[in-house]
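In: here is a sequence together with a model predicted from it:
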Amino acid sequence: VLAPEIIHNISTTEFNDIRDAQVKTRNENWNKLFQTQGFPKFQNEMRQNFIKNIGDFPERTPLNAKLTRVHQNDSYEIFNLLYESMPGHYVTANLYQPIPSGNNKIPVILKLIGHSTPGKNSKNSLSFGDHLARQGYAVLIMDSLGQGERIYVNQGNGSRTPTSNHYAMGSPCVLLGQNIAKYFVWDAIRAIDFIIDQPQLDANKIIVTGESGGGTVTSYVAALDTRVAGAASCSAMGSDVHGSGGHDCEQQLANCYSGCFDAMGRTAMVAPRPYVILGEYGSEEGLKRNYEMVDQAKMAFRFFGKENNLEYYPTKEPHGYGPGHRKIFYTWLSKYFPANNNFAMNESKPLFNDTDALRVTKNWQVYFTRELRDRKTLHALNDTTFEKIQKGFSVFYQNNNKEKIRQTLLSALQINPSEATAL
C-alpha cells in the first residue's frame with residue numbers, strides 16, 4: 001500500500017511531465033506561426049479551443065434587465081441592476097454613470113471583482129466606481145458567481161467564501177466535461193450586450209478590468225470577446241508554465257498548454273488591442289518568467305504592428321486593486337481611452353458611501369429570495385446539461401459502440417491499445 005504523499009508525488013510528477021511536453025510542443029509551433037504568417041487563423045483557432053474546453057456558450061436569450069434602485073449626486077448616478085445571462089440565471093450589478101452633458105457617448109469600464117465576499121458592495125469597488133465616474137467613465141461592476149449577492153454556500157461566513165462557492169459549483173461542471181469558467185465568461189459577455197444596448201454608452205470603448213481572480217477572468221473575456229477595446233489584469237496573469245495554476249475551479253483549465261489558452265496564449269488572443277498586466281511578483285525567478293511570458297506573447301502584438309499595446313508593470317504593491325495599482329491603471333486608461341483632458345490621478349473622498357444601498361435584491365441573496373422564484377442555481381443548469389448528455393449516451397450505447405468507447409477511453413488515458421488487451 002502506497003502512502004498518500006507518495007501517490008501525490010507520483011501524480012504530480014506525471015502531470016508536470018505532461019505539462020512540460022505540451023509547453024515544448026506549443027512553443028515550437030508558436031515560433032513557426034510567425035514565420036508562415038499564419039497567426040490570424042491560429043488566433044481564431046485558439047479562441048475555439050478555449051470555448052470547447054470550458055463548454056460551448058448557450059444561445060443568447062432576453063436579458064430582462066431591471067433597475068431596482070437609483071442613487072444620484074451632482075456628478076453621477078448609480079443604477080442597481082439585475083439581468084439574466086440565461087433564463088433564470090440572475091446577475092447582480094451596479095452601473096456608475098456620469099450625469100450626461102452634451103451628445104458625447106460615455107466610455108465604459110466593466111469591472112470583474114476578485115475573490116471578495118462582499119463583491120460589488122465592497123468599499124474598494126465603490127471607490128473605484130466613484131472615482132472613474134467622476135472622470136467621465138461609466139463603470140459596470142458585477143457580482144461573480146459565489147460572491148456578493150450570488151453566494152450559494154455557507155451564507156458568506158468565513159474568509160474563503162468565494163473559493164468554497166467556486167469549488168461547490170465548479171466541481172460538478174468538470175464531471176460534465178465543462179468548466180465553471182464558462183459561466184463567469186458568459187455573465188460578462190451578456191454584461192457587454194447590456195452595455196451595447198445603452199444608447200448613451202460608447203460601444204467602441206468598452207474596457208474590461210479586474211484584480212486577482214477577476215484579473216484572470218478579465219483575460220478570458222478579452223481573449224474571447226473582440227468587442228472589448230482594451231483590458232487590464234491586476235494581480236493576475238503571471239507565467240504559469242512552471243506552476244500549478246490558480247486553485248479555484250474557474251482557473252484550472254485542462255489542456256490549456258496544448259490548446260494555447262494558458263496565460264501566454266490568452267494574452268496573445270487579445271492582440272492587437274491594448275492590454276496591460278500589472279501586479280506584484282513573489283521572487284526574482286518568478287519575475288524573470290513573467291517577462292519571458294510577456295515577450296513570447298508580444299510576438300502576436302508585433303505581428304499586427306502593435307508591440308507597444310502590450311504593457312507589463314511588475315510591482316511590490318499589496319495583492320489586489322489597492323491605491324498603487326489603481327494609479328497604474330488610471331495612467332494606462334487615460335493614455336489609451338481618455339474620457340477628458342483633466343484626469344485626476346489622486347482619488348477624493350467618495351461622494352456616495354452607503355455600500356448596503358448597492359444591494360440589488362431585497363434580502364441580498366439571489367438564490368434565497370422569494371422575489372426571484374424562477375431563479376436557477378448552477379446545479380440546476382448542470383442537471384439540464386446532464387439530461388442532454390444522458391440522452392446522447394443512450395443512443396450511443398444502443399448502437400453497440402463498445403469498441404468506440406474503448407478507443408475513446410484509451411486515447412483519453414494516453415494508453416497504447418496494444419498494451420491494453422485487458423480492456
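Out: Perfect, I can see it now. Just so you know, these numbers come straight off a predicted model, no measurement behind them.
In: if you count neighbours, what's buried in the lengthiest helix in the chain?
Out: For the chain, the longest helix by residue count, based on DSSP state H, is helix 4-35. For helix 4-35, a neighbour-count test (16 or more other CB atoms under 10 Å) marks 19, 22-23, 26, 30, 33 as buried. C-beta here means a position set from N, CA and C on the backbone, and glycine is covered the same way.
In: same check on stretch 177-197?
Out: For stretch 177-197, the neighbour count (16+ other CB under 10 Å) marks 178-195 as buried.
In: can you give me the strands for the protein?
Out: 66-72, 76-86, 89-98, 106-112, 138-142, 201-211, 230-234, 275-280, 310-315 (DSSP state E).
In: tabulate those (TSV), appending distance to residue 325 and mean pLDDT.
Out: What follows is the strands of the chain, written out as TSV (distance: least, CB to CB, whole Å; pLDDT from 0 to 100):
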stretch	distance to residue 325	mean pLDDT
strand 66-72	26	95
strand 76-86	23	97
strand 89-98	19	97
strand 106-112	13	98
strand 138-142	16	98
strand 201-211	7	97
strand 230-234	5	98
strand 275-280	6	96
strand 310-315	7	98
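In: so which of those is nearest residue 388?
Out: Checking the strands of the chain against residue 388 by CB to CB gives strand 76-86 as the closest, at 14.5 Å.
In: output stretch 44-63 as PDB, restricted to C-alpha atoms.
Out: Coordinates of each C-alpha in stretch 44-63 appear next as PDB, following Å, rounded to 0.1, in the frame of the first residue of the first chain:
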ATOM      1  CA  ASN A  44      -9.300  32.200 -34.100                       C
ATOM      2  CA  GLU A  45      -8.500  28.500 -33.500                       C
ATOM      3  CA  MET A  46      -7.100  29.400 -30.100                       C
ATOM      4  CA  ARG A  47     -10.500  31.000 -29.200                       C
ATOM      5  CA  GLN A  48     -12.400  28.000 -30.400                       C
ATOM      6  CA  ASN A  49     -10.100  25.600 -28.500                       C
ATOM      7  CA  PHE A  50     -10.800  27.700 -25.300                       C
ATOM      8  CA  ILE A  51     -14.500  27.700 -25.700                       C
ATOM      9  CA  LYS A  52     -14.600  24.000 -26.500                       C
ATOM     10  CA  ASN A  53     -12.600  23.300 -23.300                       C
ATOM     11  CA  ILE A  54     -14.800  25.300 -20.900                       C
ATOM     12  CA  GLY A  55     -18.100  24.300 -22.700                       C
ATOM     13  CA  ASP A  56     -19.900  25.900 -25.600                       C
ATOM     14  CA  PHE A  57     -21.800  29.000 -24.700                       C
ATOM     15  CA  PRO A  58     -25.600  28.900 -24.600                       C
ATOM     16  CA  GLU A  59     -27.800  30.800 -27.100                       C
ATOM     17  CA  ARG A  60     -28.500  34.500 -26.400                       C
ATOM     18  CA  THR A  61     -31.800  35.000 -24.700                       C
ATOM     19  CA  PRO A  62     -33.500  38.200 -23.500                       C
ATOM     20  CA  LEU A  63     -31.600  39.900 -20.700                       C
END
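In: what sits up against that stretch?
Out: If you take CB atoms under 8 Å, 6 or more residues apart in numbering as the criterion, stretch 44-63 is touched by 83-87, 173, 176-179, 181-182, 185-186, 189-190, 193-194, 197, 220, 223-224, 253-256, 259-261, 265-266, 268-269.
In: point out where the stretch 1-150 of the chain drops to low pLDDT.
Out: 1-2, 6-11 (pLDDT under 70).
In: rerun that using 50 as the cut-off
Out: Residue ranges of the stretch 1-150 of the chain with pLDDT under 50: 1.
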